[in-house]
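K.L.:
got a sequence here, can you build the structure:
(one chain, ligands or ions: 1)
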Amino acid sequence: MDGVSEQSAGAAAASEVEPALAVSDLTYAYPDGHAALRGVDLRVEPGERVAVLGPNGAGKTTLTLHLNGVLRGSSGSISVGGLEVVDRNLKEIRRRVGLVFQDPDDQLFMPTVREDVAFGPANFGARGAELEQRVHEALDAVGMTEHAHRSPLHLSGGQRKRVALAAVLACDPELLVLDEPSANLEPVARRELAEVLLSLGSTTLMVTHDLPYALQLCPRSVVVDDGRVVADGPTAELLADDEFLTAHRLELPFGFRVPGA
Ligand SMILES: Nc1ncnc2c1ncn2[C@@H]1O[C@H](COP(=O)(O)OP(=O)(O)OP(=O)(O)O)[C@@H](O)[C@H]1O
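P.N.:
As a prediction, the model looks like this:
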């Protein structure tokens, strides 16, 4: 049994349960005709953390924008926890799929941290004590409780990133999708965010160019290039294959060695 199968086996064994995410033969061309996805298949089991790697222009962002229906494929299908991404399901799909953008400033717009974190669940109907509990639990999960009444504008980049994550967690998503979580973070903030993500246990898809971060956080990686999945396997194995990395314009930081490789 290879590493991927091993990793998935725990989740899959129990899995008459629906996969957290199932993408099947997804194709998409932008209105100018550029084919950005050319038949993508991807299955993520509940509890997995999967990195999506690939060079600039590979189609990673295009793929993530399909997961909550912002973009709609010209063919193929997507389901989240068994629910198909189609018009009639979009409200529930957007609750199930929590997108954390690369730039927290695209996500935070309220006067206080508390209000930013309350915005999503309130929008999905949470009120009163339930809303307060969700806000409390989400801020606690990212270690930002003591900052609840501050303005997000007065926080550091790392803190803002964690508040953006809390705002998504408060909606109780079934699939967390992180776009470049470590981008623009200083080393301490990068490590603190990794510790938070490891503590969550959420099913996570993480798009990143930060290969050591993928290795630290995601046992499995999917590599996308030119609109196709070109590899899907244990992150440590993929990142130890120099020839494969070169072929897909992926590069580890100078001097970085994959432990055990
Ligand atoms: N609005 C658009 N119109 C036309 N083509 C687009 C549009 N957005 C992206 N593309 C093209 O689609 C392809 C996939 O882009 P995408 O942004 O999904 O790649 P990516 O893997 O996320 O890249 P990066 O690592 O640079 O963020 C690229 O060739 C890109 O130029």
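
K.L.:
what sits up against the one helix or strand residue 51 maps to?
P.N.:
Using DSSP states H and E, the element containing residue 51 is strand 49-53. The set of residues external to strand 49-53 that reach it, using Cβ atoms under 8 Å, 6 or more residues apart in numbering, is 44, 60, 63-64, 197, 203-209, 211, 214, 217-224, 235, 238, 250. In this view, the C-beta of every residue, glycine as well, is placed from N, C-alpha and C.

K.L.:
out of these, list just those in strands.
P.N.:
Those of the contacts of strand 49-53 mapping onto strands are 44, 204, 205, 206, 207, 220, 221, 222, 223, 224, per DSSP state E.

K.L.:
hmm, back to that, check the contacts of strand 49-53 against the ligand, which are close?
P.N.:
For the ligand, the contacts drawn from these by Cβ under 6 Å from any ligand atom are residue 60.

K.L.:
show the buried residues in the contacts of strand 49-53.
P.N.:
Of the members of the contacts of strand 49-53, the ones counted as buried by neighbours, 16 or more other Cβ atoms under 10 Å, are 44, 60, 63-64, 197, 203-209, 211, 214, 217-224, 235, 238, 250.

K.L.:
returning to what we had before: in its sheet, what does the strand holding residue 51 sit against?
P.N.:
Here strand 49-53 has these sheet partners by DSSP bridges: strand 204-207 (parallel), strand 220-225 (parallel).

K.L.:
in TSV, list the ones you listed along with mean pLDDT and distance to residue 139.
P.N.:
Below are the strands paired with strand 49-53 laid out as TSV (pLDDT from 0 to 100; distance: least, Cβ to Cβ, whole Å):
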stretch	mean pLDDT	distance to residue 139
strand 204-207	98	19
strand 220-225	98	29
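
K.L.:
including distance to residue 72, could those strands go into JSON lines?
P.N.:
Converted to JSON lines, these look like this (distance: least, Cβ to Cβ, whole Å):
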{"stretch": "strand 204-207", "distance to residue 72": "18"}
{"stretch": "strand 220-225", "distance to residue 72": "19"}
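
K.L.:
before we move on, the earlier item: so how far is the strand holding residue 51 off the chain centroid?
P.N.:
If you compare the mean C-alpha spot of strand 49-53 with that of the full chain, they lie 8 Å apart, counting by Cα atoms, centre = their mean, to the nearest Å.

K.L.:
stretch 187-204 too?
P.N.:
Worked out by Cα atoms, centre = their mean, stretch 187-204 lies 12 Å from the chain centre.

K.L.:
kindly report the same for stretch 221-240.
P.N.:
Average the C-alpha atoms of stretch 221-240, do the same for its chain, and the two points are 16 Å apart (Cα atoms, centre = their mean).

K.L.:
nearest residue to residue 99 in space, please, no chain neighbours.
P.N.:
Of all residues beyond its chain neighbours, the one nearest residue 99 is residue 177 (4.9 Å), with distances taken as Cβ to Cβ, 6 or more residues apart in numbering.

K.L.:
what mean pLDDT does the helix or strand containing that neighbour get?
P.N.:
Counting by DSSP H and E, the secondary-structure element that holds residue 177 is strand 175-179. Computed over strand 175-179, the mean pLDDT rounds to 97.

K.L.:
now for that strand, which elements pack on it?
P.N.:
In terms of contacts (3 or more Cβ pairs under 8 Å, 6 or more residues apart in numbering; DSSP states H and E), strand 175-179 is packed against helix 60-67, strand 97-100, helix 157-169, strand 204-207.

K.L.:
buried ones in stretch 139-147?
P.N.:
Along stretch 139-147, these residues count as buried under the neighbour rule (16+ other Cβ under 10 Å): 139, 141, 142, 143, 144, 145, 147.

K.L.:
just the ones of these in helices?
P.N.:
Applying DSSP state H to the buried residues of stretch 139-147, the entries found in helices are 139, 141.

K.L.:
return the member of the buried residues of stretch 139-147 nearest to residue 191.
P.N.:
Using Cβ to Cβ, the shortest approach to residue 191 within the buried residues of stretch 139-147 belongs to residue 143, at 12.4 Å.
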